[in-house]
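Asker: Give me a 3D structure for the following:
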Amino acid sequence: MIEVNNLSKNYGPFQALNNISFSVDKGQIVGFLGPNGAGKTTTMRILTCFMPASKGTATVAGYDVFKESREVRKRIGYLPENIPLYNEMTVTKYLSYMAKIRSVPRKQIKERLDIAIESCGLLERRNQIIGQLSRGFRQRVGLAQALIHDPEVLILDEPTSGLDPRQIVEIRELIKSLGKERTILFSTHILPEASMTCERLLIISNGKITGDVSLTNGSTVPSLTHTDDHIDTHYKTLTLMLSGGQPDTIIDTLNNIPHVLNVEQSTENLGDTYYVRYEIDKDVRPKVAKTVVDSGWDILELRTDEMSLEELFLSLTSEPTE
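Answerer: Got it, this is the predicted structure:
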C-alpha cells in the first residue's frame with residue numbers, strides 16, 4: 001500500500017532524510033517512532049504530496065507521489081500535527097466544506113458526513129462551534145476531515161499530542177477501530193502509545209530507518225534492523241545462573257547447542273550468570289537444561305529475557321560514540 005525506496009530530503013546542507021526505504025502493507029497499523037527531529041514529519045509530508053523529495057521514489061496505493069500526486073491525494077487522509085481547523089465554523093459546516101474540497105460528489109456529502117461524525121464520536125458535538133471544543137474533540141474533528149472522502153490510507157502526525165490521559169485512550173481506541181478497514185501510518189515519540197496501538201513499528205533516527213519491529217501483545221520482536229554496524233538483533237536471550245563448572249567449559253559447551261548463536265558470561269559481579277543468545281524462532285531451553293544436568297552443573301535460575309520497547313528504542317536511536 002505504501003512503498004518508499006531510497007528516499008532523501010535535503011534542506012540546503014542539512015540532510016533530513018538519508019536514503020530511507022520501507023513498506024506498509026494493506027490493513028496494517030504502523031507506528032512511525034523516533035525522537036523529535038528524526039525525520040518523521042518530513043517523511044509524512046513527502047508521502048502526502050506536500051513537499052518533494054531530493055531523491056528516491058515513493059508510491060501510495062500504486063500511485064507515484066511525485067508524478068501522480070492528484071491520484072495519491074484522493075486515496076490519503078492526512079492529519080497534520082497542527083490541525084487546519086476553522087474555529088468559527090460548526091463541526092458540520094466545516095466537514096461539509098472539507099468534503100467539497102476533497103471532491104466528494106454532492107449527492108454523497110451527507111452520507112459521508114454522517115459516517116465521519118459517527119465514526120469519530122462527534123454526534124453530540126456536530127452543531128457546536130469548533131473553537132468551543134476541547135482539545136480532544138478538536139482532534140476528533142481533525143480525524144473526521146481526514147476520513148470525509150473515505151480514503152484507503154490514513155497518515156496521522158502525532159495524533160495524541162497535547163491530550164490528557166483520558167483523551168489519549170479515546171483517540172487510541174478510535175485509531176484502532178479505523179484500522180480495521182484502512183491502512184494507517186502514524187508518527188509518535190510516545191512509547192506506550194505505540195505499543196498499545198500498533199502491530200508494527202518503524203524506528204527512525206537522524207534521518208535513517210534504524211529498526212523495523214513487530215509487536216505481539218505490546219512486546220517486541222525485532223524482525224529487521226538496520227544499523228551502521230550491521231548488527232543483527234534477530235535473536236532472543238536466555239539468562240542462565242549456574243553453580244559448578246569452569247566458565248570456559250560452560251561457554252564452549254553451551255555454544256555447541258544447535259540454534260545457539262553465542263554465550264557470554266555476566267560482567268556485573270555475577271560470575272555464575274550466563275547470557276545465551278539464540279535464534280528467535282527456536283526454543284533452546286529444554287536442550288540447555290538437559291546439557292547443564294548432563295554436565296553435572298546445577299541450575300539456579302533460567303529465564304527468557306525479551307527486550308522491552310524502551311530498551312529497543314534507546315538502542316536504535318542512540319547517538320554513536322566516537
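
Asker: Model confidence at the nearest residue to E152 once chain neighbours are set aside, what's the number?
Answerer: In space, and not counting its chain neighbours, E152 is closest to R75: 4.8 Å by Cβ to Cβ, 6 or more residues apart in numbering. (Glycine included, C-beta is placed from N, CA and C.) Confidence at R75, expressed as pLDDT, is 94.

Asker: Just to check, R75 is in contact with L154?
Answerer: No. When contacts are counted by Cβ atoms under 8 Å, R75 is not listed as touching L154 (10.3 Å).

Asker: Looking at these two, which is more packed in?
Answerer: Shown here are R75 and L154; by other Cβ atoms under 10 Å, L154 has more neighbours (22 against 17).

Asker: That one sits in which helix or strand?
Answerer: strand 153-157 (DSSP states H and E).

Asker: contacting residues around that strand?
Answerer: 1-2, 40-41, 44, 47-48, 60-61, 75-81, 143, 146-147, 175, 178, 182-187 (Cβ atoms under 8 Å, 6 or more residues apart in numbering).

Asker: So which residues of the stretch 151-300 of the chain form strands?
Answerer: All strands of the stretch 151-300 of the chain, identified by DSSP state E, counting those that start in this stretch, fall at 153-157, 183-188, 200-205, 208-216, 219-225, 235-243, 260-265, 273-279, 298-305.

Asker: Mean pLDDT and distance to G34 for those strands - can I get that in CSV?
Answerer: Shown next, in CSV, are the strands of the stretch 151-300 of the chain (pLDDT from 0 to 100; distance: least, Cβ to Cβ, whole Å):
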stretch, mean pLDDT, distance to G34
strand 153-157, 94, 12
strand 183-188, 91, 8
strand 200-205, 90, 4
strand 208-216, 82, 8
strand 219-225, 47, 14
strand 235-243, 85, 23
strand 260-265, 90, 28
strand 273-279, 88, 26
strand 298-305, 85, 25
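
Asker: Using JSON lines, lay out those together with distance to V65.
Answerer: As requested, these are exported to JSON lines (distance: least, Cβ to Cβ, whole Å):
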{"stretch": "strand 153-157", "distance to V65": "11"}
{"stretch": "strand 183-188", "distance to V65": "13"}
{"stretch": "strand 200-205", "distance to V65": "17"}
{"stretch": "strand 208-216", "distance to V65": "18"}
{"stretch": "strand 219-225", "distance to V65": "23"}
{"stretch": "strand 235-243", "distance to V65": "36"}
{"stretch": "strand 260-265", "distance to V65": "40"}
{"stretch": "strand 273-279", "distance to V65": "38"}
{"stretch": "strand 298-305", "distance to V65": "41"}
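
Asker: Select, out of those, the one closest to R102.
Answerer: Nearest to R102 among those is strand 153-157; the distance by Cβ to Cβ comes to 13.6 Å.

Asker: how far away is N82 from T57?
Answerer: In this view, N82 and T57 are 28 Å apart by Cβ to Cβ, to the nearest Å.

Asker: out of those two, which sits in the busier spot?
Answerer: The neighbour comparison of N82 against T57 (other Cβ under 10 Å) goes to T57, with 15 against 9.
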